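Q: Fold the following.
(chains A and B)
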Amino acid sequence: MIRNDLADAQARAWQRLAAPGTWWTGAERVAIAAETRHARDCPLCAQRAVALSPLAVAGAHVRLDSSLSDAAAEAIHRIRTDPGRLGESWFLRLREAGMSEEAYVELVAVVAVVTAVDTFRRAAGLERLALPVPQDGAPSQYRPRNARAGLCWVATLAPEDVTPDDPDLYRAHPGPRERYGANIQRALSLVPHSMIHWWDLLEAMYQSSREMRDFAREYRAVTHPQIELLAARVAALNRCEY
Amino acid sequence: MDGATATGVPGGAALLALADAALGPDAAALVQARAAVRASLGLAALIDTTAVIGAFDGITRVADAIGIPLEPPKAEQAADFFAALGIGRFREAKV
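A: From the prediction side, this is the model:
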């Protein structure tokens, strides 16, 4: 039912959840994934989602996993349930509570992967995937030496600043990865393996940059206009300006 | 965005209904919307439609959780319909 490249990309992305990351262990990453799913049942999040402002509703999240820090739980729940109203002051409060920008970026990638796969499968009428079994191993703690602040809330690694020590994030066109460095592509680059984790999945679910710009050919069973109509609708429903 | 304007995209109404239902709480509406897309566009299109919906449910979170700004050329190109659609209100709600 699912085309092979999509099924393969989804399977890889799912297994990557359980592997040791850059800043979180495999067990922590799976815990983040589980909390992402659980956030939709959190009464505090439900109240905040309909409030004029999330700040108007005080309280504590109902959490699945108490091993995650309060800051991690707040990040997971807000990103999952109310992403359109996240502001930099909220992010800075997480930093003040002890969350590093690197750990945050990796957490965002895990939440995004779980959200994307779960939403796809629910929409398509497919069974939800069981979370993978965590793998042993220590996080690498790799931070690109040329990552710079200034673009957004966290440091990012621009394509022109990539060094031979960095994993292949972008690769100039026409490589297998053809990411030219749009802001959205740079978003997770502070944690290269998280960026690759997310974008390998996204490109199979949506299109690569090259395919997106090739209006002379359709790469999916829906057309470019149909794809962009869907993308715009989901962005509007999530109150995403970008 | 309000569902009242024709999209000019083949199958647009069915696609939008599926996107709405996929992100909404009504399981029955989702079943109905999914069947409509499958009937009108086929199984392969249904899979690719739902994959795009899932992809953007994820990527909107990346954009908003990282605070990514819209590139100036894109912002300039989009200025008129951003204003017409009131998209600026999204930014005002961020705290």
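Q: any idea of the pLDDT on the residue nearest the centre of chain B?
A: By C-alpha atoms, centre = their mean, chain B has its centre lying nearest to residue B:19, at 6.2 Å. Looking at residue B:19, its pLDDT is 97.
Q: Which residues are in contact with it?
A: A:230, A:233, A:234, A:237, B:53 (C-beta atoms under 8 Å, 6 or more residues apart in numbering or on different chains). (Glycine included, C-beta is placed from N, CA and C.)
Q: separation between it and residue A:233?
A: 4 Å (C-beta to C-beta, to the nearest Å).
Q: between the contacts of residue B:19, which has the most around it?
A: Counting neighbours by other C-beta atoms under 10 Å in any protein chain shown, residue B:53 leads the contacts of residue B:19 with 30 neighbours.
Q: residues contacting it?
A: A:119, A:120, A:123, A:230, A:234, B:18, B:19, B:22, B:23.
Q: and the helix or strand where residue B:39 lies, which residues are buried?
A: Assessed by DSSP states H and E, residue B:39 sits inside helix B:27-41. Within helix B:27-41, the residues that count as buried by 16 or more other C-beta atoms under 10 Å in any protein chain shown are B:30, B:33, B:34, B:36, B:37, B:38, B:41.
Q: Next, count neighbours for residue 67.
A: No chain was given, so I picked chain A. 10.
Q: looking at chain B here, not the other one
A: So residue B:67, with other C-beta under 10 Å, has 18 neighbours.
Q: how near is it to chain A?
A: 4 Å (C-beta to the nearest C-beta, to the nearest Å).
Q: any residues touching stretch A:217-224, and which ones?
A: Stretch A:217-224 is contacted by residues A:207, A:211-212, A:215, A:227, A:230, B:9-10, B:15, B:41-42, B:44-45, B:47-49, B:52 when judged by C-beta under 8 Å, 6+ apart.
Q: So which of those sit within helices?
A: In helices, defined here by DSSP state H, the members of the contacts of stretch A:217-224 are A:211, A:212, A:227, A:230, B:15, B:41, B:44, B:45, B:47, B:48, B:49, B:52.
Q: Check those and tell me the two furthest apart.
A: Comparing every pair within the ones in helices among the contacts of stretch A:217-224 by C-beta to C-beta identifies A:212 and B:41 as the most remote, at 20.0 Å.
Q: Same list (the contacts of residue B:19) but as JSON lines, adding distance to residue A:150 and pLDDT.
A: Output for the contacts of residue B:19, formatted as JSON lines (distance: C-beta to C-beta, whole Å; pLDDT from 0 to 100):
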{"residue": "A:230", "distance to residue A:150": "32", "pLDDT": "95"}
{"residue": "A:233", "distance to residue A:150": "32", "pLDDT": "94"}
{"residue": "A:234", "distance to residue A:150": "29", "pLDDT": "95"}
{"residue": "A:237", "distance to residue A:150": "30", "pLDDT": "93"}
{"residue": "B:53", "distance to residue A:150": "33", "pLDDT": "98"}
